[in-house]
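1. Compute the structure for the input listed below.
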Amino acid sequence: MLGLYLHVPFCIRKCDYCDFNSKPAGPEEVERYLAALLQELGDLAAVHGRAADTLYLGGGTPTVLSGDQFERLFGALENFGLWTRGIETTVEANPGTLDRPKAELLAALGVNRISLGVQALQDRLLRRLGRIHTGGAALDTFGILRTVGFENIGIDLIYGLPEQRVQDWQADLKQILELGPEHLSLYGLTIEAGTPFARSRAEGMLSLPSEEEEITMVRAAWEMTLAAGYGHYEISNYARSGFACRHNLGYWMVEEYIGAGAGAHSFVQSDGPTRSHNVASVATYIERLRSGRSPLLRAENLSPHTLASEALMLGLRLREGVLLNEFRERYGIDPFDVYASCLQRGLEKGWLEMEAGRLRFTERGMLLSNELFIDLF
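-> I've put the predicted structure just below:
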């Protein structure tokens, strides 16, 4: 499988918790960026010469693009032979940047999956995050998408927010589940260096839920999504049957993907496993493409050991875990030969379990997965 990721690094306002490669921008900068992106896509088509199996537009907020810009982008993707209608085609959207005409246009262009960044429904929490929308606007946007005909909608929510109580989380999740989206991404808030939230925490001005409260929120998510008919297929992701995100599964299953845009990453195996990424600066990205230079910042050939290590960690993110026979066949490495002490410790502590030749996290292990990856590997 080949995934194609396009990065749109623009938003109306950068949220206080966000450390993604994104920023507010004026129309002229967005237009210059689109021209550079189309040029890079043409170059990638000449090199790779095959259509993607999934397409994902992320950001930032891709829905800050105008209708005309979306039309040019999808026209170029089709003309370059990188994209065909009918494949899983996801666009990230935020309430406040997606009205009915734009939703209708996206559907007409061939977008068949929307990932909606709701994050919370309670207005006081949204204000604390620095979001530009209200809870009511989020619900309205979901309604627009359904009315237009989207049958594959994912919603993102964040738990562990400043001043968020367990009952706040449960109330928001209950209301979202009543909408019936096909997919849910439920993330714990992380405080990233350099963000306003990091500065607020350093100044003692960030009131966060306790670890016990966060664990209660996670358990509530497990119980409520299960009762509503969702499968928990990855640490932070839940879906109705048949609606797991194929594009993101490609990352976790170490399939090939190509990234275009400022800061975008790629992983290809045609000449040996190679990981690369573009320059993150929007201005530098534009200037390089304008002057006929590659936007690539770095490319790294991965050793068999490095590739197997990353595949093991990514595979353990999936609820089904890693089937050891298949892993040995694909990578030529037995995880218990390389990580014997780490994996054995995980099994002894009840973080990991073996069942029918499959290694996976236990429920306890999934609760602490981020910490355990550091401890185990």
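2. Could I get the phi/psi values of the closest residue to residue 209 other than its chain neighbours?
-> Leaving aside its sequence neighbours, residue 209 sits nearest to residue 160 (C-beta to C-beta, 6 or more residues apart in numbering; 5.5 Å). Just so you know, the C-beta spots here come from the backbone N, C-alpha and C atoms, and that holds for glycine as well. When read as degrees, to the nearest 10, the backbone of residue 160 gives phi 80, psi 30.
3. show me the contacts for residue 139.
-> Counting by C-beta atoms under 8 Å, 6 or more residues apart in numbering, residue 139 touches 121, 175, 179.
4. Same check on residue 50?
-> Residue 50 makes contact with 2, 81, according to C-beta under 8 Å, 6+ apart.
5. pLDDT score for it?
-> Residue 50 is assigned 89 on the pLDDT scale.
6. and if you look at residue 340?
-> 86.
7. Just the pLDDT for residue 265.
-> pLDDT, residue 265: 98.
8. separation between it and residue 168?
-> 34 Å (C-beta to C-beta, to the nearest Å).
9. Between these two, which has more neighbouring residues?
-> More neighbours surround residue 168 than the other of residue 265 and residue 168, with 19 against 14 (other C-beta atoms under 10 Å).
10. Please point out which parts of the strand or helix carrying residue 325 sit buried.
-> Using DSSP states H and E, residue 325 maps to helix 324-331. With burial defined by 16 or more other C-beta atoms under 10 Å, the residues of helix 324-331 counted as buried are 324, 327, 331.
11. Repeat that for stretch 47-55.
-> 48, 51-55.
12. go on, stretch 228-247?
-> 228, 230-240, 243-247.
13. which ones are touching the residue nearest to residue 278 when sequence neighbours are not counted?
-> Nearest residue to residue 278 in three dimensions, chain neighbours excluded: residue 295, at 4.3 Å (C-beta to C-beta, 6+ apart). Shown in contact with residue 295 (C-beta under 8 Å, 6+ apart): 36, 40, 262, 278-279, 284-285, 288-289.
14. if you set the cut-off to 6 Å instead, what comes out?
-> Residue 295 makes contacts with 278-279, 285, 288, as judged by C-beta atoms under 6 Å, 6 or more residues apart in numbering.
15. how near is it to residue 281?
-> 10 Å.
16. cool, and residue 123?
-> 35 Å.
17. returning to that earlier point: any idea which of the buried residues of helix 324-331 is the one closest to residue 81?
-> residue 331 (31.3 Å; C-beta to C-beta).
18. Relative to residue 167, how far out is that closest one?
-> 45 Å.
19. Same check on residue 79?
-> Counting by C-beta to C-beta - residue 79 and residue 167 are separated by 52 Å.
20. any idea how the chain splits into domains?
-> 2-250, 315-376 (automatic domain parsing).
21. Quickly compare the ones you listed and say which is most buried.
-> domain 2-250 (a mean of 18; mean count of other C-beta atoms under 10 Å).
22. Figure out the length between the terminal residues of that one.
-> 8 Å (C-alpha to C-alpha, to the nearest Å).
23. repeat for stretch 194-210
-> 22 Å.
24. try stretch 109-126
-> Start-to-end span of stretch 109-126 (C-alpha to C-alpha) is 31 Å.
25. average pLDDT across that stretch?
-> The model assigns stretch 109-126 a mean pLDDT of 97.
26. Residue 259 in helix, strand or coil?
-> Classification of residue 259 by DSSP: H, G, I helix; E, B strand; the rest coil places it in strand.
27. which residue ranges form the strands in the stretch 251-377 of the chain?
-> 256-260, 265-268, 274-278, 296-301, 322-323, 352-355, 358-361 (DSSP state E, counting those that start in this stretch).
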